[in-house]
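**Q** Task: produce atomic coordinates for the following.
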Amino acid sequence: MDSTIASPEALLALAAKGTLFSYWADRNADRPAILSRRGNRSFTELDANANRLLHHLHSVGLRAGDGVAMVCGNIPEFVETYLACQRGGLRLTPVNWHLTSAEAGYILSDCEARAWIIQGELAEKFVEIPSAGVLTRLATGPARGLFASYGEALGAQPSDAPTEPRLGSMMLYTSGTTGRSKGVLRRKPIALAPQRGGTLCDYRDGDLNLLCGPAYHAGPLTFDLAFPIASGIPILLMEKFNAAQVLALIERHRVTHTHMVATMFQRLLALPPEVRDGADLSSLRRVFHGAAPTPPDIKRRMIDWLGPILYEYYGATEASPGIGIASADWLRKPGSVGRLPDATRTRILDEAGQPCPPGTIGRVAFLHDPATGPQYHNAPDKNGEVFGGAYYTVGDMGYVDDEGYLFLTGRSADIIISGGVNIYPQEVDDALIAHPAIRQACTIGVPGGEWGEEVRSLVMVEDGIKTGERLERELIAYLRERLASFKLPRRIEFVADIAQSETGKVLRGAMRAPYWAETGGAL
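**A** Numbering: from 1, shown residues only. Predicted structure coming up:
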């Protein structure tokens, strides 16, 4: 570690109180901590604004343990609110600003926040949402109706540090693809140690982290905000992903770290070759990715382009199992998401709850610690159902090989059962996407008479590709060389769009629904 940096023990002690960033502010002073099109913040300014916001929250009655809800894009105020909650012992819930008023309103109510902080241009969506128990509502920019001005509220407060700092917590909401989203709360706040030299991020002085995905999602929030904030590394905020602009920003600002998802990789690879080849990306040292499966062909092309700097992680809103894989290991084990660090903490279990032998598909399950593990907010029945045993699962299916490397095969809700045989649609998708004519694929089960379900693949083709029976026959012949016959789609349909979440997860339920609507079948 750099001799000018305090010892790891001293830094971890500051992290445990939520005041680690103040150390970096003292060290880095007027150096830029946030770069954005809506204005920059130096380390000193960012630290002072976090203190001002916390003083405002205290002035209206919030105390440690209370909830704060934030509906903001990737703007400086997002980072200030994160820091204020971290040092004030507050529970922060970032809300997806793309949600409808009703969807976001449900989360704002369910999380029991006593403060709302809303990006100004979004405030109108929340004017009529009941806010009983909310002590303050702030909007960035000028005051808007029931929302006071965030800037004016901070301007009325001092910038001195809190006298009794306390580490805050996060409560993120699940995506809600199988019902209403649920708040996931850990019983004990997590103190993030700096990710400096020799760690996973290997941050160094002079590094810069690009935040190009929505910060309210767990992946970008962790890798592009929480880690650099804990490590004294500046952040370049990008409000909306644009593939060509990403390359330009990396080159112009000499970005060293970023987090992406599979959809972003596909958009980058779809750029004209002269745009990709003309960008100087030599500053990049780490590109983290996860949240949704990355087809092996797409990942291999990214490694060929950027070099072995990709690091894939596996986790969920409810689970952080510490599973990940660097490029060199992935090239040896293509398709794996990493080696199990401890075979007792993460297991593959069969329907009877017994461990599966290597090579056998089962449910990916995590050891549950009742003292520190996750729980769902306001959902006692769901807590008993999911977290009632020694192990819990979030629905992912997979297997480990004889070296302990984990391979995911899909989600239990997505399994196609045809003629009594389980078929994992992600495997079919990965094979289809490797074909040069295919941009995206979604394999689903549709009503299939005596078979129960019939395998069908919905595909989007690349620009300029002619669709029709000839291409369908070509694709099925292509799959026949790569998959067992029982996995082959009976039909391939060409579609204009495939529903995806913002993290790039294919929403199979949405794509499957029309085929089952007239049968009353379960989705």
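**Q** Sketch out the low-pLDDT regions of this structure for me.
**A** Scanning the chain for pLDDT under 70 picks out 1-3, 175-179, 419-420, 449-451, 503, 518-523.
**Q** Quick check, central residue of it?
**A** Closest residue to the average C-alpha location of the chain: residue 219 at 3.2 Å, with C-alpha atoms, centre = their mean.
**Q** Make sure that residue is indeed in a helix.
**A** Yes: if the criterion is DSSP: H, G, I helix; E, B strand; the rest coil, then residue 219 is within a helix.
**Q** contacting residues for it?
**A** 213, 259, 261, 288, 290-291, 313, 503 (C-beta atoms under 8 Å, 6 or more residues apart in numbering). C-betas here are computed from N, CA, C, even on glycine.
**Q** Okay, strands next: where are they in the stretch 51-200 of the chain?
**A** Ranges of strands in the stretch 51-200 of the chain, per DSSP state E, counting those that start in this stretch, are 67-71, 91-94, 113-118, 136-139, 148-149, 169-173, 183-186.
**Q** any idea how far the nearest residue to residue 77 once chain neighbours are set aside is from residue 80?
**A** Distance criterion C-beta to C-beta, 6 or more residues apart in numbering; nearest residue to residue 77, sequence neighbours excluded, is residue 140 at 5.1 Å. According to C-beta to C-beta, to the nearest Å, residue 140 and residue 80 sit 10 Å apart.
**Q** now do residue 4
**A** From residue 4 to residue 80 the distance is 26 Å (C-beta to C-beta).
**Q** When these two are compared, which one has more neighbours?
**A** residue 80 (27 against 7; other C-beta atoms under 10 Å).
**Q** For that one, give me its contacts.
**A** So residue 80 contacts 41, 46, 49-50, 53 (C-beta under 8 Å, 6+ apart).
**Q** let's see 10 Å
**A** Contacts for residue 80 were tallied using C-beta atoms under 10 Å, 6 or more residues apart in numbering; they are 34, 41, 45-54, 72, 117, 140, 150, 154.
**Q** Next, count neighbours for the nearest residue to it once chain neighbours are set aside.
**A** Spatial nearest neighbour of residue 80, excluding adjacent residues (C-beta to C-beta, 6+ apart): residue 49 at 4.6 Å. Residue 49: 23 surrounding residues under other C-beta under 10 Å.
**Q** now do residue 417
**A** For residue 417, using other C-beta under 10 Å, the count is 13.
**Q** Distance to residue 431 and mean neighbour count added to the strands of the stretch 51-200 of the chain, as JSON lines?
**A** JSON lines is the format used below for the strands of the stretch 51-200 of the chain (distance: least, C-beta to C-beta, whole Å; neighbours: other C-beta atoms under 10 Å):
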{"stretch": "strand 67-71", "distance to residue 431": "40", "mean neighbour count": "25"}
{"stretch": "strand 91-94", "distance to residue 431": "36", "mean neighbour count": "25"}
{"stretch": "strand 113-118", "distance to residue 431": "44", "mean neighbour count": "25"}
{"stretch": "strand 136-139", "distance to residue 431": "48", "mean neighbour count": "23"}
{"stretch": "strand 148-149", "distance to residue 431": "54", "mean neighbour count": "16"}
{"stretch": "strand 169-173", "distance to residue 431": "33", "mean neighbour count": "21"}
{"stretch": "strand 183-186", "distance to residue 431": "33", "mean neighbour count": "20"}
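**Q** Could you dump the ones you listed into a markdown table and include distance to residue 408?
**A** Converted to a markdown table, the strands of the stretch 51-200 of the chain look like this (distance: least, C-beta to C-beta, whole Å):
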| stretch | distance to residue 408 |
| --- | --- |
| strand 67-71 | 31 |
| strand 91-94 | 26 |
| strand 113-118 | 34 |
| strand 136-139 | 41 |
| strand 148-149 | 46 |
| strand 169-173 | 21 |
| strand 183-186 | 20 |
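**Q** Once you drop chain neighbours, what's closest to residue 247?
**A** residue 279 (3.9 Å).
**Q** from memory residue 312 sits against residue 325, does it?
**A** Yes: with contact defined as C-beta atoms under 10 Å, residue 312 reaches residue 325; the gap is 5.2 Å.
**Q** Just the ones in strands from the contacts of residue 219, please.
**A** Counted as lying in strands by DSSP state E, out of these, are 259, 288, 313.
**Q** What segments of the stretch 201-350 of the chain are strands?
**A** 209-211, 235-237, 257-260, 286-289, 310-316, 319-326, 336-339, 346-349.
**Q** one step back: where do the contact lists of residue 312 and residue 325 overlap?
**A** Shared contacts of residue 312 and residue 325 (C-beta under 10 Å, 6+ apart): 336-338.
**Q** Let's have these in JSON lines, adding distance to residue 145 and neighbour count.
**A** Shown next, in JSON lines, are these (distance: C-beta to C-beta, whole Å; neighbours: other C-beta atoms under 10 Å):
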{"residue": "336", "distance to residue 145": "52", "neighbour count": "23"}
{"residue": "337", "distance to residue 145": "46", "neighbour count": "23"}
{"residue": "338", "distance to residue 145": "48", "neighbour count": "24"}
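**Q** now, which of the residues you listed sits nearest residue 190?
**A** Minimum separation from residue 190 among the shared contacts of residue 312 and residue 325 (C-beta to C-beta) is found for residue 338, which lies at 20.0 Å.
**Q** List the buried residues for stretch 414-434?
**A** By neighbour count on 16 or more other C-beta atoms under 10 Å, the buried set for stretch 414-434 is 414-416, 418, 423-434.
**Q** Show only the entries of the residues you listed found in helices.
**A** Among these, the residues falling in helices (DSSP state H) are 425-433.
**Q** Need those residues in a markdown table (columns: distance to residue 199).
**A** As requested, those are exported to a markdown table (distance: C-beta to C-beta, whole Å):
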| residue | distance to residue 199 |
| --- | --- |
| 425 | 36 |
| 426 | 31 |
| 427 | 34 |
| 428 | 38 |
| 429 | 34 |
| 430 | 31 |
| 431 | 36 |
| 432 | 37 |
| 433 | 33 |
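**Q** So which of those is the closest to residue 466?
**A** Distance to residue 466 across those (C-beta to C-beta) is lowest for residue 432, with 17.1 Å.
**Q** isn't that closest one right up against residue 474?
**A** No: the pair formed by residue 432 and residue 474 falls short of the contact definition of C-beta under 10 Å, at 11.5 Å.
**Q** Overlap of the contact sets of these two?
**A** Shared contacts of residue 432 and residue 474, counting by C-beta under 10 Å, 6+ apart, come down to residue 492.
**Q** quick one: contacts for residue 209?
**A** For residue 209, the contact set (C-beta under 10 Å, 6+ apart) comprises 201, 203, 223-225, 227-229, 231, 233-237, 255-259, 286.
**Q** where's it relative to residue 256, distance?
**A** Where residue 256 is concerned, residue 209 sits at a distance of 7 Å (C-beta to C-beta).
**Q** okay, and the common contacts of these two?
**A** Going by C-beta under 10 Å, 6+ apart, residues that sit against residue 209 and also against residue 256 are 201, 203, 233, 286.
**Q** And those, which two are furthest apart?
**A** 233 and 286 (11.3 Å).
**Q** Tell me which of those two has more neighbours.
**A** Counting neighbours by other C-beta under 10 Å for residue 233 and for residue 286 shows that residue 233 has the greater number, 24 against 20.
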